[in-house]
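Visitor: Sequence first, predicted model second:
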Amino acid sequence: MPRALLSVSDKTGLEGFAKALTDLGFDLLSTGGTHAALSEAGLDVRQVADETGFPEILGGRVKTLHPKVHGGLLATRSAEHQQQLGAHGVTPIDLVVVNLYPFRETVAGGAPFSATVENIDIGGPAMLRSAAKNHEHVLVVCDPGDYERVLAALQEGDAGALRLGLARKAFAHTSAYDAAIVTWLDTLDKEAALPETLHLSLERAQSLRYGENPHQTGARYREVGATSWWDGAVQHSGAALSYLNLFDAEAAWRLAHEFSAPAAVIVKHANPCGVALAETIETAYARAFEADPKSAFGGVVALNRPVSEALAADLLANPKADVLIAPAFAPGTAQRLAAKRKNMRVLSAPPPYPAGLELRRVDGGFLVQEPDTVSLDRSRWQVVTERQPPETEWRDLELAWLVCAYTKSNAIVLVKDAQAVGIGAGQQSRVDASEIAAQKAAGRAEGGACASDAFYPFRDGLEVAARAGVAAVIQPGGSVKDAELTAAADELGLAMVMTGERHFRH
């Protein structure tokens, strides 16, 4: 008679699965709470402790760590192994159903240290690994979602095709579980900015239309056991999302949520090309679009307020966006957008989650850094010029500084009256970035603000900003020529603020 060992924390579908196993002739073996649940359901199930002759001890910490369990799991069906099993009174186990203590859920619930430690499963991972190693002879099931297909295969008498995939899933499950424990232990070390090692366990969450280019396959992966704002996003219409759609939408959505006021952000090739704040979202969008209509074509529009009927009409009147993302849509507007712009991806989404460690692939590994956070704390900034910016210029300086931090370096951003009117992005020369920003502003920066993501090494970039008509400049400072730049700003009649913090984005 084949035997199945069942020991689960997640009892979803357990009773029906176990009953179906008994109908197929399986003898059931179980532990603790699983044994109680199956017995209450009227099933004939044997305690592991009765099998091993050794009781559960240490408050349940030791239940299945016994040769009669692991011998039964690890034995092949060879004559040598079967002879040894017989000599020691060990019976083979043919199927293992195990899922682990809810460690992630315990951490997420804010449990104290003692409770969290008790939710580190030891026996469960050991059984999964033993069964998965011996998958040619033992079926291993760690996901209740697999019950139906496992039963179907057993009923058909051919579970062989499932064995390798289920074994891989079991090892992936225990690997992800261990990674979660390591991550939790890292949070207990308050002194380490970056841990000694990183243990990533990722699962494919979304297949994409293609990668960065159509000939590349692409997908979105997420950390096992975690969720993101992308998981809460709903695509109402449009073509399938591609790698770059997600990449650009991530940048736009995060920038849009830097603001409490109604804000519209338009991103193209991961760089903002239009950003504006206003009293209404309709006005914010109109001003963001007019900042650079040419670049807005085919971009991502992100709004931090719902889309109204009037705003939907404005969106349809302008050249198409590839992606539109907002918190919500007024009744009928999503359908109206879908009818007029069949390929535009229309999404609603929750706010973005806090940013985690940033990883970027290099040969043989990754570059890892903390996320770049932008402070708008004026008390940490210094006005180094004779001229002091009035409050209206301070507000433009803050917006320019924030947008600049979201723009690929070298970056220059010109802002006037809460509208980014000129953005120069991704240039090898800061002067070139300044000239591009001034050209895009086309005279609209008069009396506004200019931000530079890194210090000005020479006065030429400052002169370009002055010719564009700005009244105030914000930059990190830190150049050996800071004193000369301050004198140049005084000469040009500019107010200049130094933040002491650079915001490169490559």
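Guide: Arrived safely, thanks for sending.
Visitor: contacting residues for residue 380?
Guide: Counting by Cβ atoms under 8 Å, 6 or more residues apart in numbering, residue 380 touches 499-501. The C-beta positions use only the backbone N, C-alpha and C, and glycine is treated the same way.
Visitor: ok, of those residues, which come out buried?
Guide: The neighbour count (16 or more other Cβ atoms under 10 Å) marks 499, 501 as buried among those.
Visitor: What is the nearest of the contacts of residue 380 to residue 88?
Guide: If you rank the contacts of residue 380 by distance to residue 88 using Cβ to Cβ, residue 501 comes first, at 67.3 Å.
Visitor: got the contact list for that closest one?
Guide: 375, 380, 476.
Visitor: Can you tell me which of the residues you listed end up in helices?
Guide: Members of the contacts of residue 501 lying in helices (criterion: DSSP state H): none.
Visitor: Where does pLDDT dip in the stretch 1-150 of the chain?
Guide: Scanning the stretch 1-150 of the chain for pLDDT under 70 picks out nothing.
Visitor: Could you pull out the strands in it for me?
Guide: Taking DSSP state E, counting those that start in this stretch as the test, the strands found in the stretch 1-150 of the chain are 3-8, 27-30, 45-47, 95-99, 139-141.
Visitor: Serialize these to CSV and add fields for mean neighbour count and distance to residue 225.
Guide: Supplementary listing: these in CSV, determined by neighbours: other Cβ atoms under 10 Å; distance: least, Cβ to Cβ, whole Å:
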stretch, mean neighbour count, distance to residue 225
strand 3-8, 24, 17
strand 27-30, 22, 26
strand 45-47, 17, 30
strand 95-99, 25, 13
strand 139-141, 26, 19
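Visitor: can I get the ones you listed in TSV with distance to residue 252?
Guide: Shown next, in TSV, are the strands of the stretch 1-150 of the chain (distance: least, Cβ to Cβ, whole Å):
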stretch	distance to residue 252
strand 3-8	43
strand 27-30	52
strand 45-47	55
strand 95-99	38
strand 139-141	42
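Visitor: Ok, which of those strands comes nearest residue 195?
Guide: strand 95-99 (27.1 Å).
Visitor: how about residue 414, phi and psi?
Guide: Backbone torsions of residue 414, given as degrees, to the nearest 10, read phi -110, psi 130.
Visitor: so how far is residue 226 from the residue lying closest to residue 429 once chain neighbours are set aside?
Guide: Nearest non-adjacent residue to residue 429, counting by Cβ to Cβ, 6 or more residues apart in numbering: residue 410, 6.9 Å away. Going from residue 410 to residue 226 by Cβ to Cβ, to the nearest Å gives 34 Å.
Visitor: ok, those two, which is more surrounded?
Guide: It is residue 410, of residue 410 and residue 226, that has more neighbours when counted by other Cβ atoms under 10 Å, with 21 against 17.
Visitor: a strand runs through that one, doesn't it?
Guide: No - using DSSP: H, G, I helix; E, B strand; the rest coil, the assignment for residue 410 is coil, not a strand.
Visitor: residues contacting it?
Guide: Counting by Cβ under 8 Å, 6+ apart, residue 410 has contacts 424, 426-430, 432-433, 453-454.
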